[in-house]
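Colleague: My questions concern the predicted model and sequence given below.
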Amino acid sequence: MTIFWILAGGLTALALMFVVPPLLTRREIATGADQDALNLDLFRQQLAELDSDLAAGNLDQAQYEAARHDLERELLADVQVDAPRSKGWRDGGRWMAIVLAVLVPAGAIGLYLQLGEADIIPRLETAASQTRESGGHAGGDLASMKALVERLATRMEANPADIDGWLMLGRSYYAIERPDRALEAFQKAYELAPEDPETLLALAQGIAAVNEGSLAGRPAELIEKALAADPESLGGRWLNGMLAFQQQRYEAAAAIWEGVLPQLDPKGGDAAELRQFIAEAHRRAETPAPATATTSEESSTGANVAATAAPDATDARLEVTVRLDDALRGQVSPDDALFVYAKAAIGPGMPLAVVRAKAGDLPLTVTLDDSLAMTPDLPLSSVAEVVVGARITKSGEAMPQSGDLEGESGPVAVADDEAPIALLIDHARP
């Protein structure tokens, strides 16, 4: 991680070298379009440097991905789509230079700490759960992020041939929980570069995200094609392991992920999460998990997970009470479909158990157990923790859609002695 912060500091200093000196002189102001072009050129130069460092072995794949995401977010914050500015002359740039010298590093660090590493389906699902657990209401940070994303979307309408821009727009839509719009952006990138491994994997993730996390069908084909072009792709191998897991090829999933694990920061969140995936794959395959070095904190967490990793089928029972926020009652008809579900807190995003009812039945108490499993091989008792949610939809379809009303819990343990889980449907799906 120290190497990453050194790299981030170096990139920030490099950015300041481009930003500050011009402000110290009197110069003609560029138009908005010209400034956007300069920002994009700078992004590409810095990205090329990262590519060179990765090829030279100065960065590992995880450090490269983190640094690249930081560059993308800095570019997103710099994009301007306001009306073209008239030409004039800038004076007093020294004060602006001082301000930028402070705000650029602070802003970049703040964006990283708030938004970093949100680019893989399971991580995104966890982030979304945490957002809803905190109340389901968009705060100022989320509102600002949405405004920036819409800015970039407007810019892309004027620059439809920018592959990097479409990929960044798709990832940004993920961050604000708009998988439908993310898929549209990834499809645009794919149409421009149908052989590029990055666009292939992005499209695979995009399709899976709107299909409850399932990688079956087209996503599997895209992953295979991406790995044929780049067998060492970290993201491709991670997704290939998830595909094997969903296909119940647990030994293969564990083997794939074990090949990815050495390339991750052993103390990072990605590595800790992947170790849990590997342990779960070995448990389902009934094969011994390899011994790995862990921190004391991770060992404690792992022990807690192991203690609840395989509850008896008779213990897999969750009582859920669902209510509708009074502020949303005017948007609901009694015959609207209501789905109450549980899905794995870590891993594939498809529901493990579902109950269907009508909005007119609210408030409602239901029991989720193994008898309601979507597939016999993935019952509620097959996981240690789940996220429980409820959704009202006028379409009657199980597939979530924009405008559906929903609410979700945070991760809860699968056990029979827990108090009833209280759910409040309190927000509309973006």
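Modeller: Nice, thanks for sending it over. For clarity, every value in this text was computed on a predicted model and none was experimentally measured. Numbering: from 1, shown residues only.

Colleague: CA only for contacts and neighbour counts going forward, please
Modeller: Fine.

Colleague: who's in contact with stretch 228-241?
Modeller: 61, 195-197, 201, 220, 223-224, 226-227, 252-254, 256-257, 260 (C-alpha atoms under 8 Å, 6 or more residues apart in numbering).

Colleague: do that again at 6 Å, thanks
Modeller: 253, 256, 257 (C-alpha atoms under 6 Å, 6 or more residues apart in numbering).

Colleague: Adding secondary structure, write those out as TSV.
Modeller: Output for the contacts of stretch 228-241, formatted as TSV (DSSP: H, G, I helix; E, B strand; the rest coil):
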residue	secondary structure
253	helix
256	helix
257	helix
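
Colleague: Check the gap between residue 428 and residue 406 for me.
Modeller: 6 Å (C-alpha to C-alpha, to the nearest Å).

Colleague: ok, those two, which is more surrounded?
Modeller: Between residue 428 and residue 406, counted using other C-alpha atoms under 10 Å, the more crowded position is residue 406 (24 against 17).

Colleague: Tell me which other helices or strands the strand or helix carrying that one touches.
Modeller: Assigned by DSSP states H and E, residue 406 falls within strand 405-413. Under the contact criterion of 3 or more C-alpha pairs under 6 Å, 6 or more residues apart in numbering; DSSP states H and E, strand 405-413 touches helix 121-133, strand 385-393, strand 421-425, strand 427-428.

Colleague: As a check, name the ranges of all strands in the protein.
Modeller: Ranges of strands within the chain are 27-28, 89-90, 317-324, 337-344, 351-358, 364-369, 385-393, 405-413, 421-425, 427-428, based on DSSP state E.

Colleague: Can you check which of the ones you listed gets nearest to residue 180?
Modeller: Set against residue 180 and scored by C-alpha to C-alpha, the strands of the chain come closest in strand 427-428, at 14.6 Å.

Colleague: Can you tell me what sits against that closest one?
Modeller: Contact partners of strand 427-428, identified using C-alpha under 6 Å, 6+ apart, comprise 403, 404, 405, 406.

Colleague: Is the last one in contact with residue 425, as I believe?
Modeller: Yes - counting by C-alpha atoms under 6 Å, residue 406 does reach residue 425; the two are 4.8 Å apart.

Colleague: For these two, list the residues in contact with both.
Modeller: Among the neighbours of residue 406, none is also in contact with residue 425 (C-alpha under 6 Å, 6+ apart).

Colleague: Angles on the backbone of residue 267, please.
Modeller: Here is the backbone geometry of residue 267 (degrees, to the nearest 10): phi -100, psi 0.

Colleague: Make a markdown table from the strands of the chain and add distance to residue 286 and mean pLDDT to it.
Modeller: Converted to a markdown table, the strands of the chain look like this (distance: least, C-alpha to C-alpha, whole Å; pLDDT from 0 to 100):
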| stretch | distance to residue 286 | mean pLDDT |
| --- | --- | --- |
| strand 27-28 | 69 | 44 |
| strand 89-90 | 69 | 41 |
| strand 317-324 | 24 | 91 |
| strand 337-344 | 20 | 89 |
| strand 351-358 | 21 | 86 |
| strand 364-369 | 23 | 89 |
| strand 385-393 | 20 | 90 |
| strand 405-413 | 22 | 89 |
| strand 421-425 | 31 | 93 |
| strand 427-428 | 41 | 92 |
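
Colleague: In JSON lines: those, plus distance to residue 52.
Modeller: Putting the strands of the chain into JSON lines (distance: least, C-alpha to C-alpha, whole Å) gives the following:
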{"stretch": "strand 27-28", "distance to residue 52": "34"}
{"stretch": "strand 89-90", "distance to residue 52": "36"}
{"stretch": "strand 317-324", "distance to residue 52": "52"}
{"stretch": "strand 337-344", "distance to residue 52": "39"}
{"stretch": "strand 351-358", "distance to residue 52": "42"}
{"stretch": "strand 364-369", "distance to residue 52": "52"}
{"stretch": "strand 385-393", "distance to residue 52": "41"}
{"stretch": "strand 405-413", "distance to residue 52": "41"}
{"stretch": "strand 421-425", "distance to residue 52": "49"}
{"stretch": "strand 427-428", "distance to residue 52": "44"}
